[in-house]
Structures are given as C-alpha cells and as structure tokens.
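In: Based on what follows, work out the 3D shape:
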Amino acid sequence: MDEADAFEALADTLTLLTENPHDISLHAQHVRLARETGMKDQLEAALDMVTTFWAAGDYVWIPLIDIRIEDADLEDSEGINEVLALFQRAEEDYLSIPLLKKHIEFILHRHTHFQEQGSRPDAFGDLLNTEWTFTESRKVYERAVGHLSESHQLYSLLRDYITEALEEANAEDKPALVAHMENLLVSRLQQPHSDYAESLQDYSSFTTNYKPADQYESLLVQASKLRAQAVKAFQRRENYEASLAQAGFSLDAYAYYISLERRPKKPDMFVLTALYERAITEADKRRWGGEENAESALRTFWNGYLDLLRTNEVDDSAQLQTLTRATRSAPGYGDIWAQYIRFLERTSPVDQGEDADVSESEELIPAVYDSAIAIPVLNQNVEELVPVVLARAGWERRRAEKGKTEEAYTVIVQILMDGIEKVRKASPLGDPRLRLEKFFSALCTEVANMIEYALIMWEDTTKRFKASYLAWTAYADLFIKQGMYDDARKLFRDVANKNLDWPEALWEAWISFEHVHGSLEQLEDCLDRVERARKHVNMKRAKDAEKAAYQAAQMAAEQQATNVPVTDLPVPGSRTQAGSTMDVDMVDADTAGVRDGDGKTKRKADDEAHADGNKRARVEPKPVVLKRDRENSTVFVAELPHNTSEEDLTALFKDCGPLREVKIKQVENVSLATVEFMDRESVPAALTKDKKRVHGEEIAVHIAWKSTLYVTNFPESADNEFVKQLFGKYGVLFDIRWPSKKFKSSRRFCYVQYATPASAQSALTLHNTELAPGVPLSVYISNPARKKERTDSDANDRELYVAGVSKLVTKDELETLFETYGKIKEVRMGLDDKGQPKGFAFVEFEQEKDALAALAANNYELKKRRIAVTLADTNRKSKTRPNPLETRQRSVRIRNLPAGTQEGLLQQALEKLAKVTRVEVFEERREAIAELESLALSEESLQSTVPRPSGSNAPARGGALFVPRSTVSRPRAGLGSKKTRTVVNPIANSSTAATSAPTSVPPKQAKGQDDFRKMLSGS
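Out: As a prediction, the model looks like this:
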C-alpha cells in the first residue's frame, strides 16, 4: 500500500471509529495503518485512542511509552514523573512481564544516570535516590511474583543491581543495601517459582559474604524450612506449567489449568489469582490478533476471576479495582457490568435514617448503569443488555421495598420500560425468554394500582410476538392471578388456533385452568376446541413435512439429471424398441402393478406364479415399529432434595402419561433427574409440575433438549475428559452421550447435557471456536425440530470415496480440487502404519447436493493418475474377509460393566490402552466385546489393566474384568482331546508374563476393577 492509499484508508477507519469506538478490530486496523504511514504522531494518536476506550496490552503500551520517553525531558522531574505515571496506567490493564521489566529498567537506568553525574537536581526531592529507587522497583516486582515461570526475570534485575551496589557501596550505605537484599531473598524463598534452586544458592552466597560466619549454618537451616512449602507448591504444578508451554499457552490449556486449581475447597489464592491474570492477558493478546474464540474466552476468564474474589471474600478495594479493569477489558459483556452494580450495592453503607446523606451507591450505580448502556456493542446485543437492566432494576426494587412509596416503584417501571424498548430495538425478535417483561409483570402485581400497566404491557408484547407461547401463557396467567377468569378464558379461546411456536404448552395451560376454575361445560368445550386445534396443527405439520420431502426429492432429481451424460438422454421423437411410444407411469413400480397395452394395471411378473403353478400368497406388511423419541419425550428435573428416589418422581409424573424411564444422578452434590415418557404428548402435562414440591422443596422442570447441546467437528483426539473440561466451565454437566462407532468409525459428535437451559445457552459461545487450525467447533441446542441439521444419518450421502490417488498428492491438493463443488467438511487420507498415503481418501461435504455434484470429478487426472470418485458406502463388506480365528484372538470380553455403559465412552477408555477396531456392548448381560488391532495389544491391555496379586503366582478369585474371548470358548471334544472344560486364568497368566519379562523393561502399574469402572463412567 502506497502512502496515499494508507492515508485514505486511515481516514476511513477514523470515520468508522467515530461511530463505534468500542470495536477493537477497528482499533487494531487503525494502529496498523498508522504504523504504515511511518509518521510518529499518527501512530501515537492511534495507540493513545486504544487506551482511551479499551484496556490494552504491552502490544500497545510499550510502543506508546517508547514514543513518550523519546519526547520527554528526562533531565527534569516533570518529564520523569509523566513517564512513571504512564507506566502506572499501563500496568493497571493487564499483567505483562515485558512491561514490568521495562518499568524497572527505566527506574534503574535513571538512578544510575544521576549517580554517574554525582548529584541529582534539588527539585527531585526523594525521586530517584537510593531508597526511593529500590522501594519503587520492589513494588513493580511484587506485581508479578505470582507468575511461576517468568517472575525470575524481574527478580534477577533487582538482585543483580543490588549486588553491584553492595560491591561499590561505602560503609555508611552498605547496611541499608544489605537489608534490602536480605528482604528480597527471604521473600523470594517463600514464593513458589521455577528457579527455587537458584534462589537458595543466592541466599547462601549472600550469607557467606555479608553475615557472620558462625550464623551461616543456622541461617541456611532456617532458609530451607522457609522455602519447603514454596518448593512443594511449585513441584505440584511443574507438570501443569510444562503442559501449558507445550500447548503454546493456548486458551484451552489455561482453562484446564484453572479448573485444576479451583478444585480444592480452599484454593491457593496466590497462585490462582496470578494464573487468572496470565490467562486474561493471553486472551486479550489473541483477541487483538483477531483470534475468533478469544473474546468469549476472555469473558469467561473475567467471570471466573470475579467469582473467585467474591466467594473468597477478598478485600473490597481489590474487588473494585478488578471490576473496573474488567469493564475496560470487556466493555460489551453485560454480566460484568451486572456484577459491578451488585458489588456496589453489596458494599454500600447501611442507611442511617431519613436525614442521612445519600449513600455512595445511590450515586455510583446510576452512573455505572448509564455508562454500560451507552456502549453500542452492549446496547445492540440482547443477551448482554438484559443482565444490566435486571441488575439496576433489582437494586431499585430492593430500595423501594424499604420506603414502600409509589414514587420509588414508578422509577423502576420507567427503567424496565426503557430496558424493554432498548431490547426490542436491538433485535426484532426481542428477548425469547421475556425476562424484563416477567420482572415488570411481577413488580406491577405487588402494587395494587399498577396492575393495569402489566396488562397493557402483555397486550403489547403478544401483539409484537404473536407466535410466542411464552408471551400468551404469561398474559393468561396474569388474568388468572387477578381473578379475571372470563378474560383468561377468552384469551385461551382466541389463541388456541393461532400458529404458535409451542401450541401444546398453551393448550395444557388452558386445560389446567378449566379444571381448576371452569364448569363442566366449560371444561368440555375447552377439550373439544383443543382437540380440533391439535388435529389442525398435526395436519399442517404433516403437509409441511410432505412439502419439504417433495422439495428435497425434486432437488435430488434435478441434481441427478445434471449428472447424466448427454449420450444417455433420449432423443426427442425416437421410439422404443417395440416401435410404440414410451409410456410414463407416475406410480412407483415397486408398489403398484405395471400397465398392460390397454392401460390397465396388472400384477408384476414376480407376483404371477411360482414354478409349481401356485399363486403367490399376499403378505401383509408388518406394522411400523415406532422409534424411540427420546428428545421430544423427556423432561429434566433439577433442584431435587438429596433423598429423592425414583419412586418419588414416578408418583409425581405418573398422571402425566405412561413413563418409559426415570434416572436420578448426583452431580457435584446436586441431585438431578431425567423423566422419559412413552410419547411426546405427555410432556406438556409434565411441565406443569414445575415449582411443585418433593419432600417439602420446590423442584424445577424443563424440556430436556433445551439444556442439551449437539456438539460436533471437534479434534479426533478429543475424549470425554476433554469435552467435560471444555464445557464444564459454563455450568453443571449432567451427562455426555457419545455415539457408537461400530457402524461408522469416523463419527465425531456428542450430546452435552447441562443441569439448566441457561448453562446450555451460555455454552453456545463456543460455536465456531477453532480448537484446531481451520476446524471450527459446531455447537447447537439439541432441538428435535432441527435434527436433520445436526445428525450424521445422511453422512454417507455427503461423503465420497476417492480411489486411485497418487501417493504424491497431498491433502491440500485434494481439498483444492473438491472445494470447487461446495463447502468441504473434512478430507481424510488413507495412511499406512508409517504415515504414508495408501492411494485412497474420503471427502465429506457439508451438503449432499455438493457431494453429488463432485461425482463429476470421476476420471479426473491428478498428478498423472486418473482418480475414481464414488459415494462412500460404509456398509459395504470388505473384499478381503478377516480370518474368524484371528479376529477372535484379537478380541476381549469385558464383563461386569456398569449399567448404562456407552459404547462410545467404553471405546475411548480402551483406546488409552490399545488401538481398538470395534466395540459392541450387550446391555442385558452387562458385557462387551472389544476387537483390538492386534493380539499383542490385546495381551498388553490385559497385563496393564487386570489387577495383579502380590505373589507372582497367586491364584485369582472371582471373575476378571478383561477375559480374552478365546479363553471362554468351548474346547473341542474329540479324539485325542480332553473333554474337561479348561478356563484360562488371565490374572495368573498376566502375573507369569510379568515375571518372565526382561528386567530392563519396568512392569506397568496394575489397575483394579474400581479404577476401570471410574474410567468407563467418565469420572
């Protein structure tokens, strides 16, 4: 870009920044363009603008400080103080070792400069004298002492400088310097860090040189005791730090590290706060670089950091400073602003009476609220705006409850009405959960003369969101609570036939209302109207499904027609071989007869007669077995008392419809359950059990799929623990379900179920997160209505098998070839044991039509070889059938499995021991067959998994968890063979194998059955 273009682009960017100063990508572009102009004043202005609207990292502050140092008069106290103030501002944003190091170097350099001159100007006062220099440098160093792997850079600066000063100091100055050095070394010994051995050596050298000889031994013993805890603290985390570095300090690695540190009931706040600071700094740096998932990770880290400080009752001033930094770092994150408002309310002084001065919170909270909603990026996002409005309205409500004045409630009404207006302006769909509307309605019912406001609000809401069952049911509920039964009944009648997003819920609410408040005639009228409406909706749904199927068939037919060669198309006006015109029969020849010459229908030849002359008997088609509809037929029950049993839930839900299954699970000391019905018609009735009491406590009931995520397109190495760590930070996980791979080994998706729908909604921020380069994660709410979009049932129709591929062809070259036909989901190259291409590949497209179009690449010449392209058929049997005896020898039987063991989860557990070809679980027998890649691996897995007795040949007791299939097969009985059944004891064999192994190979640590059960259950 030449200079003129750079200035033009810079002007355009400045215009955009004027309209949206909280767009960090525009700021990054502004800095880049300003740097390209080569003009220092433009770059300084761009960097300074970033710091005005955002918290900035060292990528902004260090070049800005360099410019200011270059321009400042460093011989004058005013110029030095300006630079020091800039350092202070910079260090309040993020933890940066390079920035802190530059700060200390600046102080020490200026101090050395004036020492070499022999004197400092009198106007400096204490500025840059020896005591001030070491005190201020120590303060800067203290900001980074929690950084386990990098704090030594700042420590080394201070240590080396004081050491040089001690060597040159006179007798008068030396005692103060010795005290500084001793204090630094002793505190360093007590802090966990990576160079703990060097720190002890530093203290030993210091004691030798500057302490009496007779005190050396006692001081070293005391120092060893002081550092013992710090050394243990670092050694516990040394592997974590190494893993973090190996992962390139990725945000996922930081999240995993943090989750480990937060597990103890009393976490190490010294380490954990610094770890959060490091993670936040890394997330900000990646956000500035344009990484897609960095913003969501940054918000998650801030949320966890603030929660840690609050729950551990950290000093209020530290919490306030962190909240202020967080709002600068993520100004568009509504939850942080909401926490800020609640903090100000929580820490405000209690009112001393009517004559007391206005509390600080009464001034600060409105100011914070106004600042938040003035930010465009927050104001234009419903999910970020609503929490802020709720926090302000909640504070106003609690204030109003103390005064009980109508004026106080009027203020809340105005805030909520303004908030509702902003939400609807931000999105034409508004807030799907209607949180502000519900708050407003509940508030109005508390004040007698404000009920009319609620009725007006719901009337307006239902007009605006005509298809929202939630709006209509809330409107009707308000009528019912106010005793306005006729109005409620009229509303139900008017809405029963409307096209709602979930009409069943409204119908069930109407029926429940008539049961409680209606006469027999009114109840029966309600039931009749609901039945008619149900039939109408079912017919409409059937028509919509038929239309969608027809459109799909048309599209497939058109696509197929485009792939037919021109030579195969019929010539207009041509005749069939019989000389007659060709008849076009619209009836499927498989289900109807073929037409004779008169146009009459007769039975197919296959139906005529058998060779024996008898007519073929007509076989009635078997009735269609209804498929289990788990997603539509299950409700989730939360907030259960700990002593809740399956019988309690069965008794509660039995009147809603026939039950299929009730499961109760303890997750993080919380009791949760799923209740599955035989059909979906029972779900609306089950939802009415929300807020009912079990053992005296209210429970929460919601549709299971609303708290369930469909997750796909994650790395092949991802396992249950990986998914648990990735999604666990958004809420309590109830279950993770994995698909079986016995029919299609490339299946890579799972269902993640949370305890609440809110947690599932929060986790949607992971959608399109790149866990690996070019592989965006897909995360969707597991809505049954969108099942087609989130299933791999048609994966075979979207996947191509490419044969005849030259071994010189790379994966990128195949992608380049096939992406011309449509968006590619994945390309998998067939590789041998050495990682070399085997001459074939699989190409999976996002859309079926693109895969069909890509069949045109058949016979395409690539690297001097013509490739063959066909649809992949995973059900096609291999031409080379495996030897049954070999397969049996490579297989193991796993017994005593926990109830409900998932095939996918079991395969993951086994693959940690050996490569697995296939796994099949037999639920009724609580067994599984696992086919391993080789017999050697099978034996190895037995040796490393089956528990081993202490004696080398100790007899085994009971059945083993792993049993080779060959050991339990029936022996042949015949000539020359014994008929007595022999059972090979795998434990004894393993022990024998272990004792006969070469001594140079260390034996693997044995794992018991309990360990394996934990591994299967994912715990």
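
In: any idea where the helices of the stretch 351-500 of the chain begin and end?
Out: Along the stretch 351-500 of the chain, counting by DSSP state H, counting those that start in this stretch, helices occupy 360-373, 376-379, 382-403, 406-426, 435-446, 451-464, 469-481, 485-495.

In: in the last one, what counts as buried?
Out: Yep, that's helix 485-495 we're talking about. By neighbour count on 16 or more other Cβ atoms under 10 Å, the buried set for helix 485-495 is 485, 487, 488, 489, 491, 492, 495. Any C-beta I mention is one placed from the backbone N, CA and C, and that applies to glycine too.

In: between the residues you listed, which is closest to residue 444?
Out: Ranked by distance to residue 444 (Cβ to Cβ), the buried residues of helix 485-495 are led by residue 487 at 16.0 Å.

In: number of nearby residues for the spatially closest residue to that closest one that is not a sequence neighbour?
Out: Leaving out its chain neighbours, the residue that sits closest to residue 487 by Cβ to Cβ, 6 or more residues apart in numbering is residue 479, at 4.6 Å. For residue 479, the count of nearby residues is 20 (other Cβ atoms under 10 Å).

In: next one: the host helix or strand of residue 736 to chain centre, how far?
Out: Using DSSP states H and E, residue 736 sits within strand 733-737. Relative to its chain's centre, strand 733-737 lies at 13 Å (Cα atoms, centre = their mean, to the nearest Å).

In: Next secondary structure after that strand?
Out: Assigned by DSSP H and E, the successor of strand 733-737 is strand 749-754.

In: Measure how buried residue 690 is and give me the count.
Out: Neighbours of residue 690 using other Cβ under 10 Å come to 13.

In: Put the alpha carbons of stretch 223-241 into PDB.
Out: Provided in PDB are the C-alpha atoms of stretch 223-241 (Å, rounded to 0.1, in the frame of the first residue of the first chain):
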ATOM      1  CA  ALA A 223      16.000 -20.700  54.900                       C
ATOM      2  CA  SER A 224      15.500 -24.400  53.900                       C
ATOM      3  CA  LYS A 225      12.500 -24.500  56.200                       C
ATOM      4  CA  LEU A 226      11.100 -21.300  54.800                       C
ATOM      5  CA  ARG A 227      11.300 -22.500  51.200                       C
ATOM      6  CA  ALA A 228      10.000 -26.000  51.800                       C
ATOM      7  CA  GLN A 229       6.300 -25.200  51.300                       C
ATOM      8  CA  ALA A 230       7.100 -23.000  48.200                       C
ATOM      9  CA  VAL A 231       9.100 -25.700  46.600                       C
ATOM     10  CA  LYS A 232       6.300 -28.300  47.100                       C
ATOM     11  CA  ALA A 233       3.800 -25.800  45.800                       C
ATOM     12  CA  PHE A 234       5.700 -25.400  42.500                       C
ATOM     13  CA  GLN A 235       6.500 -29.100  42.200                       C
ATOM     14  CA  ARG A 236       2.800 -29.800  42.300                       C
ATOM     15  CA  ARG A 237       2.300 -27.500  39.400                       C
ATOM     16  CA  GLU A 238       5.500 -28.100  37.400                       C
ATOM     17  CA  ASN A 239       3.800 -30.600  35.000                       C
ATOM     18  CA  TYR A 240       0.900 -28.100  34.500                       C
ATOM     19  CA  GLU A 241       3.400 -25.300  33.600                       C
END
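
In: In the stretch 251-400 of the chain, what residue spans correspond to strands?
Out: Assigned by DSSP state E, counting those that start in this stretch, the strands in the stretch 251-400 of the chain number zero.

In: do the same with the stretch 751-900 of the chain
Out: Under DSSP E, counting those that start in this stretch, the stretch 751-900 of the chain gives strands at 770-772, 775-776, 778-781, 799-803, 824-831, 837-845, 861-862, 865-866, 868-871, 891-894.

In: what packs against the longest one?
Out: Counting by 3 or more Cβ pairs under 8 Å, 6 or more residues apart in numbering; DSSP states H and E, the packing neighbours recorded for strand 837-845 are helix 795-798, strand 799-803, helix 811-818, strand 824-831, helix 848-854.

In: JSON lines for the ones you listed, including distance to residue 20, mean neighbour count and mean pLDDT?
Out: Output for those, formatted as JSON lines (distance: least, Cβ to Cβ, whole Å; neighbours: other Cβ atoms under 10 Å; pLDDT from 0 to 100):
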{"stretch": "helix 795-798", "distance to residue 20": "40", "mean neighbour count": "18", "mean pLDDT": "68"}
{"stretch": "strand 799-803", "distance to residue 20": "43", "mean neighbour count": "21", "mean pLDDT": "89"}
{"stretch": "helix 811-818", "distance to residue 20": "36", "mean neighbour count": "16", "mean pLDDT": "89"}
{"stretch": "strand 824-831", "distance to residue 20": "34", "mean neighbour count": "16", "mean pLDDT": "87"}
{"stretch": "helix 848-854", "distance to residue 20": "37", "mean neighbour count": "21", "mean pLDDT": "87"}
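
In: so what's residue 672 up against?
Out: 636, 637, 638, 640, 664, 665, 666, 732, 734, 755 (Cβ atoms under 8 Å, 6 or more residues apart in numbering).

In: Buried ones among these?
Out: 636, 637, 638, 640, 664, 734, 755.

In: Can you name every helix or strand that the host helix or strand of the third one contacts?
Out: It refers to residue 638. Following DSSP H and E, one finds residue 638 within strand 634-640. The contact analysis (3+ Cβ pairs under 8 Å, 6+ apart) places strand 634-640 against strand 670-677, helix 683-687, strand 697-698, strand 700-703.

In: sorry, back to before: can you tell me which of the contacts of residue 672 lies closest to residue 106?
Out: residue 732 (48.2 Å).

In: Just send the buried residues of helix 485-495 back as TSV, with pLDDT too.
Out: Output for these, formatted as TSV (pLDDT from 0 to 100):
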residue	pLDDT
485	95
487	95
488	95
489	95
491	95
492	95
495	94
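
In: Tell me which two in those are the farthest apart.
Out: Across the buried residues of helix 485-495 (Cβ to Cβ), the longest gap, 15.7 Å, separates 485 and 495.

In: Relative to residue 82, which of the buried ones among the contacts of residue 672 is nearest.
Out: residue 755 (53.2 Å).

In: Let me see the contact set for the closest one.
Out: 636, 638, 667, 670, 672, 707, 731, 732, 733, 734.

In: Residue 705 versus the first one, what's the distance?
Out: In this structure, residue 636 and residue 705 are 9 Å apart, going by Cβ to Cβ, to the nearest Å.

In: likewise the last one?
Out: In this structure, residue 734 and residue 705 are separated by 13 Å, where distance is defined by Cβ to Cβ.

In: ok so, going back, from the contacts of residue 672, pick the one nearest residue 887.
Out: So of those, ranked by how close each gets to residue 887 (Cβ to Cβ), first place is residue 665, at 36.6 Å.

In: From start to finish, how long is stretch 425-445 in a straight line?
Out: Across its full length, stretch 425-445 reaches 26 Å between end residues, using Cα to Cα, to the nearest Å.

In: List the buried residues for that stretch?
Out: 426, 430, 431, 434, 435, 436, 437, 439, 440, 441, 443, 444.

In: Report pLDDT for residue 99.
Out: At residue 99, the pLDDT value in this model is 96.

In: where does it fall, phi/psi-wise?
Out: Note on residue 99: backbone dihedrals following degrees, to the nearest 10 are phi -70, psi -40.

In: quick one on the thing from earlier: now the buried ones among the contacts of residue 672 in JSON lines, with distance to residue 509?
Out: Converted to JSON lines, the buried ones among the contacts of residue 672 look like this (distance: Cβ to Cβ, whole Å):
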{"residue": "636", "distance to residue 509": "20"}
{"residue": "637", "distance to residue 509": "20"}
{"residue": "638", "distance to residue 509": "21"}
{"residue": "640", "distance to residue 509": "24"}
{"residue": "664", "distance to residue 509": "28"}
{"residue": "734", "distance to residue 509": "27"}
{"residue": "755", "distance to residue 509": "25"}
